[in-house]
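In: For reference, the sequence and a predicted model appear below.
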Amino acid sequence: MKKLLLLFFTVAGFVSANAQNTCATAVPVADGETVTVPTIAGTYQLACDNVNGELASGAVGVWYSYTATANGILTISSNLPQNVAPNSDDTRVSVYSGSCGSLVCVGGGDDFSATNYLTEFDFDVVSGNTYYIQWDNRWSDSGFDFSVAFEPVSCFAIRVLNNPTNITPNSITLNWNPAT
């Protein structure tokens, strides 16, 4: 019995310690939650949109997931008081949809401003879809905290306007990328 108990705790400790080290073992996060990221040491997926350059060898990541229960905007942020200097780390995030075997880039974020190297990124989420959040070691592999905030919407905003076409003295055609 003691051997089985020891084996159980050993396996549970290993799984717990490596829980967020891959997309497949991403730790679920929820609206209103503040999450403590451990030292970043898991598998790495090419940064979404190649935000601030790609990592060379030694790239690692840590993984979380969010499953939307309604349509809305999700904000993930490491720009929290407990992360500000002297405890500040430079963070970078990438967000994907799809499945772990076939990830699709949603977007990513890096520096909050020219003087604040923490991250805040918001993106549209669709009810029932799971989104994978990867924090990587582009700037640091140290742990930090991040928050998750969801805002429901009944209509997604247009985020990208393209150049107008068919311009005449009396009319113009406006063009935009479709919302989520």
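Out: On my side now, so go ahead.

In: Tabulate the CA atom coordinates of stretch 132-152 in PDB.
Out: Extracted C-alpha coordinates of stretch 132-152, given in PDB (Å, rounded to 0.1, in the frame of the first residue of the first chain):
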ATOM      1  CA  TYR A 132      -4.600  28.500 -26.400                       C
ATOM      2  CA  ILE A 133      -2.400  31.100 -24.700                       C
ATOM      3  CA  GLN A 134       1.400  30.700 -24.900                       C
ATOM      4  CA  TRP A 135       3.700  32.900 -22.800                       C
ATOM      5  CA  ASP A 136       7.300  32.500 -24.000                       C
ATOM      6  CA  ASN A 137      10.800  33.300 -22.900                       C
ATOM      7  CA  ARG A 138      11.600  35.900 -25.700                       C
ATOM      8  CA  TRP A 139      12.800  38.300 -23.000                       C
ATOM      9  CA  SER A 140      12.700  36.300 -19.700                       C
ATOM     10  CA  ASP A 141      11.900  32.800 -18.400                       C
ATOM     11  CA  SER A 142      11.000  34.100 -15.000                       C
ATOM     12  CA  GLY A 143       7.500  33.600 -13.600                       C
ATOM     13  CA  PHE A 144       4.900  36.400 -13.200                       C
ATOM     14  CA  ASP A 145       1.200  36.900 -12.800                       C
ATOM     15  CA  PHE A 146      -1.400  37.500 -15.500                       C
ATOM     16  CA  SER A 147      -5.200  38.300 -15.300                       C
ATOM     17  CA  VAL A 148      -8.100  37.100 -17.500                       C
ATOM     18  CA  ALA A 149     -11.000  39.400 -18.200                       C
ATOM     19  CA  PHE A 150     -14.000  38.700 -20.400                       C
ATOM     20  CA  GLU A 151     -16.500  41.300 -21.800                       C
ATOM     21  CA  PRO A 152     -19.600  40.000 -23.600                       C
END
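
In: buried stuff in stretch 38-52?
Out: Ile40, Gly42, Thr43, Tyr44, Gln45, Ala47, Cys48, Val51 (16 or more other Cβ atoms under 10 Å). From N, CA and C alone the C-beta is placed, and that goes for glycine too.

In: Please report how far Glu151 lies from Ser142.
Out: When Cβ to Cβ, to the nearest Å is the yardstick, Glu151 and Ser142 sit 29 Å from each other.

In: and the two? which has more neighbours close in?
Out: Just comparing Glu151 and Ser142: by other Cβ atoms under 10 Å the higher neighbour count belongs to Ser142, 15 against 12.
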